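Undergrad: pasting the structure only:
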């Protein structure tokens, strides 16, 4: 036996090819070769000698060798000439048999954007063949181009209406089963996402649009900035450094050791800034292991960017450029001009009760307790001397009864429960009605009614309903009653650097009782804020900025702490991180220490951005294969799936007994 | 207490801001608010009242408020005017003190591509300040532009040589510590990757080049194809369907269930083809849990693409277009013209002994046993009537003694061991020497010597050494002796659809004794091959194609089986997959069943492609933060890291006892 080190396949196999395939091959002498046995398929054992092919293999033989297209559809539509002999690929539409000798069918192109009429005459063989093929089946069609006869009523329309094909031959490529019902309106279960994509032109268009949004962002960052941004990939096999949400682990074959999937490229991008790459961006896949409430996904895409020798202002200006390019190249609405307005965190909380207000609807909160009659206040709330706030809601209706009905229905619905369940008093609803005293606001008393009616607000003068007594962000159900009035962008700035810890977040592992509002790498905004670090950290304002549009937070960012000593001080002395957590960040501190320049950055939720641009309620409508359900299921492929005993063993793990 | 549902922060915090920050804020009445206590930092408790800032915070105050640049460097170099007052950002170079009153220093721009001379005169305050700042520190420099005095010997060089700045002020942004020694030649340990990036211009350039390669691929796929390719993202939280290499698992909080990280987007891209998106591509992150031999990474990037209504030929043509654009826009070498040559698997194995031969060096294997003298064969091998093969190696030397020395050293080295350790006979080495009888090949005998000398080969006529008796791929050490001669692209095609199973691969879970050469979704090439599925599967040729250049496999692909019945037949009847494994693929079968068109695709190792273009030995030189070591370590962030007990508990796991 000749042992042949380094050879990819055993020599015996090569020799079998040599002898069977190529008559000119040298005459191999395999006396010294290893012989191998392999399992002979059962169907061969039973049959002994080659039998007739089963029908599915016969059909497949025909599908494997199919005629190439002479044109792609789009080129065909512009280059078609009468009497030309062409082959086109596509999907068969519904067939219409006009008579025993004439059938029509549409051929839909592979992008499903165009279709072409195909005429089938009984004189051609293909006539009967066509009748055996189900609609929606992929086919190759050969035919002769002819001018399409237009009805008098048809205008000179699209190119696909000018031509038709006289069918010469049709070649079935696969069979679309009759038992699948597929219409543009069908909503398929997540298990059949492929059918949803197949039938839902809007979903496919959303994915194409997403790719265009990506390209526009890229173009802006690379070409309209000096120096240009460079797209750099960062690792996904990262390590566990909990910064907010819980992270997915990736066990390794080294007992007890695991990677973690990153929530963001935060630390790597900061290290790039320390490394002499002054402008970084990435469409980064990010992960968080949280329950999927409120339209979240366990993995999502961020447009992630960072700039060195930069402040928050520089980042905001760059991002405004991106938004402007997106709107001017891809949207019907005009591009927002000039810098977006900036509203401080404090103002936005006091005016709207939310750090991501939908400012299109006005909806500014006004305080009324100081002007409302005491008897009204006693009706609204059991508290002594409570704060009473109100906001105004515009409605398109001019019908007070209709408006009241709508609001009542809303309050009765699950979404309205939070209003009703306020132990300190349910909402009072007052509907504007020009025919009534004080326009329906008589219970307010004169002073409050006047205040409410003239309160500055961006909505039209016709205020139709006022909720009083409750302080809560604008429910989206109410918002949807009102036709959107464009895209109102704003930066929410001047967040506090620290906030009291909330139990719902795994937190940053500190013992201080408070945590960083954004994350612990966020820098204080001014020299005065730096001083406050030492004396009154809760008053420190951060150079932290969120981009909000129409009540949706698109993303946010901050200037980072670029000084290792200050970063360590904040970790250790302010957030009171335990030593082992501090050690987790030593790579970042080392990089900062090596003369890292000041830097700032931002991340936009890219799925969210595309959904907002398209007016989609859910990011699932702009993701090809989204997860669904509370547990993050991919129902189509059935993930997550049970870990096998072999896999657990490989990773030195076992299931914990409950 | 007023409970405020939906509010992001407790009201008490907002009120504290209202009272402290904005005198015009409404007078809040916090009687009903919750008060919160938080831990007062230790340094405050000890000091009682605000004390003087520690020096690091004083320094940071100055760094937080730094003057913005008036120009970015590149714009400055083209727009500079004498006497203009500018502020530039960058890194300080080494300072040279010419006298007690005059210092020079270079300011290096943030991209580290340019530098500018800065002159510091004692009359300015900044003179002494400059002396306190270490080289490599990030700074903001304010100065007056002046024409740089050129030496007579200097030509009119780059714009950065025309100007210099007279230093007015310098603002330190962070300190580069003196204890870090950083030169362009320093090779830093993986722990200090940020310093490697900081000091190694070639590495930074590689990352910029990588981004340009990405853009060129994108442009070609989107703009030079009709219909254009659409960039679509596919999930990374996938499920375990072992197709070759071991997959990383991602446990979930649902006991026993896990996602898996994908080896490739294979199944999702096929499903996209079934979904009416005819041209897909993605720069996809792929993962495999293998030992990192031979320059592999546990996560890597593939340029992944798929086309519907397509065959292998269509894919190869598309990829040739991508390569052509890359070479013509980014490389010095001319773009390869026309279609790349295609060599069948069988031919490439018999000629080169490898399915990824480096064809630049000729090195075709010739058989000599039928013409060698019997006594020579007996000297080479203990076998009776063995096969004897030889290949020729060209050397740049014209010195037989030097060549023999080189080859002897090679054979003595570990790389040469495989030659020496062939139990069936070590290599014979014959060095061409024009001065000797039969040019040194006398032991061959006349017939073999003539055959060897004239054997067609792509190397020059001067053959200097011949290895006889062994059949093995060209060792790279030998290859490196020969100056590279450009990029020789080829497609290796016509692989067998199935190969005998090798124990080193986890395999595809079949009981057949053989497995798919590429993967089980690969289609047979012709109708004749379809017939062979039933009678002699080992003879079936696949529509499978690998792209090879200079001995490196850049990637490969195949036409896929688009017919569900055939795919299932191959899974179940040929590969003998157990039922539960078959069930793993039911989503794919369902999608194929729904009238999926024929489709084909390919994936290129994108890291590998960039490394080959730049002539880098290792993909680590084209990845920002690569893993190192056999176990896939990120030494800089220290991943993988120990799983905490809390984390294990969260995922219902525990470590298995050995």
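TA: All right, it came through fine. All figures in this text were calculated on a predicted structure; none of them were measured in a lab. Numbering: from 1, shown residues only, chains lettered A, B, ... in the order given.
Undergrad: for chain A, longest helix please?
TA: The residue-count maximum for a helix in chain A (DSSP state H) belongs to helix A:201-223.
Undergrad: Do any residues in it lie close to chain B?
TA: Yes - judged by Cβ under 8 Å from any Cβ of the partner chain, helix A:201-223 and chain B are in contact via A:204, A:207, A:208, A:211, A:214, A:215, A:222. Every C-beta, even on glycine, is put in place using the N, C-alpha and C of the backbone.
Undergrad: Weed out the non-buried ones from those residues.
TA: Neighbour-count burial (16 or more other Cβ atoms under 10 Å in any protein chain shown) applied to these gives A:204, A:207, A:208, A:211, A:214, A:222.
Undergrad: so which pair among those is furthest apart in space?
TA: Using Cβ to Cβ, these span at most 27.4 Å, a distance reached by A:204 and A:222.
Undergrad: returning to that earlier point: and of the buried ones among the residues of helix A:201-223 next to chain B, the nearest to chain B?
TA: residue A:211 (4.6 Å; Cβ to the nearest Cβ).
Undergrad: The closest one is in contact with residue B:229, isn't it?
TA: No - counting by Cβ atoms under 8 Å, residue A:211 sits too far from residue B:229 to count as a contact (9.2 Å).
Undergrad: how many other residues sit next to residue A:549?
TA: For residue A:549, the number of neighbouring residues by other Cβ atoms under 10 Å in any protein chain shown comes to 23.
Undergrad: and it, what is it in contact with?
TA: A:487, A:488, A:489, A:490, A:612 (Cβ atoms under 8 Å, 6 or more residues apart in numbering or on different chains).
Undergrad: Those residues in helices, which ones?
TA: In helices, defined here by DSSP H, the members of those are residue A:612.
Undergrad: now, the most widely separated pair of the contacts of residue A:549?
TA: Among the contacts of residue A:549, A:490 and A:612 lie farthest apart (Cβ to Cβ), at 13.8 Å.
Undergrad: quick one: pLDDT of whichever residue of the stretch 551-658 of chain A sits closest to chain B?
TA: Among all residues of the stretch 551-658 of chain A, residue A:595 sits closest to chain B, at 3.1 Å; criterion: Cβ to the nearest Cβ. Note on residue A:595: pLDDT of 94.
Undergrad: residue contacts, it?
TA: Neighbours of residue A:595 in contact, by Cβ under 8 Å, 6+ apart: A:274, B:91, B:134, B:136, B:137, B:138, B:174, B:175, B:176, B:177.
Undergrad: Any of those buried? List them.
TA: Among the contacts of residue A:595, those buried by neighbour count (16+ other Cβ under 10 Å) are A:274, B:91, B:136, B:137, B:138, B:174, B:175, B:176.
Undergrad: and the contacts of residue A:549 as a markdown table, adding neighbour count?
TA: Listed next are these as a markdown table, based on neighbours: other Cβ atoms under 10 Å in any protein chain shown:
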| residue | neighbour count |
| --- | --- |
| A:487 | 18 |
| A:488 | 19 |
| A:489 | 20 |
| A:490 | 19 |
| A:612 | 18 |
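Undergrad: Mind checking which of the contacts of residue A:549 are in strands?
TA: Among the contacts of residue A:549, the ones falling in strands (DSSP state E) are A:489, A:490.
Undergrad: Which of the contacts of residue A:549 lies at the shortest distance from chain B?
TA: Proximity of those to chain B (Cβ to the nearest Cβ) peaks at residue A:490, which lies at 16.0 Å.
Undergrad: Next, residue A:647: secondary structure please.
TA: helix (DSSP: H, G, I helix; E, B strand; the rest coil).
Undergrad: Run a quick neighbour tally on the closest residue to it other than its chain neighbours.
TA: Using Cβ to Cβ, 6 or more residues apart in numbering or on different chains and skipping residues adjacent in sequence, the residue nearest residue A:647 is residue B:249, 6.1 Å away. Residue B:249 is flanked by 26 other residues according to other Cβ under 10 Å.
Undergrad: and the gap between residue B:249 and residue A:251?
TA: 6 Å (Cβ to Cβ, to the nearest Å).
Undergrad: how about the helix or strand residue A:376 falls within, does it reach chain B?
TA: Assigned by DSSP states H and E, residue A:376 falls within helix A:374-380. No - using Cβ under 8 Å from any Cβ, helix A:374-380 stays clear of chain B, with a minimum separation of 12.3 Å.
Undergrad: Now the longest strand seen in chain A: buried residues?
TA: What stands out as the longest strand in chain A, according to DSSP E, is strand A:85-99. Neighbour-count burial for strand A:85-99 flags A:86, A:87, A:88, A:89, A:90, A:91, A:92, A:93, A:95 (criterion: 16+ other Cβ under 10 Å).
Undergrad: continuing past it, what's the next helix or strand?
TA: Heading C-terminal from strand A:85-99 (DSSP H and E), you reach strand A:102-108.
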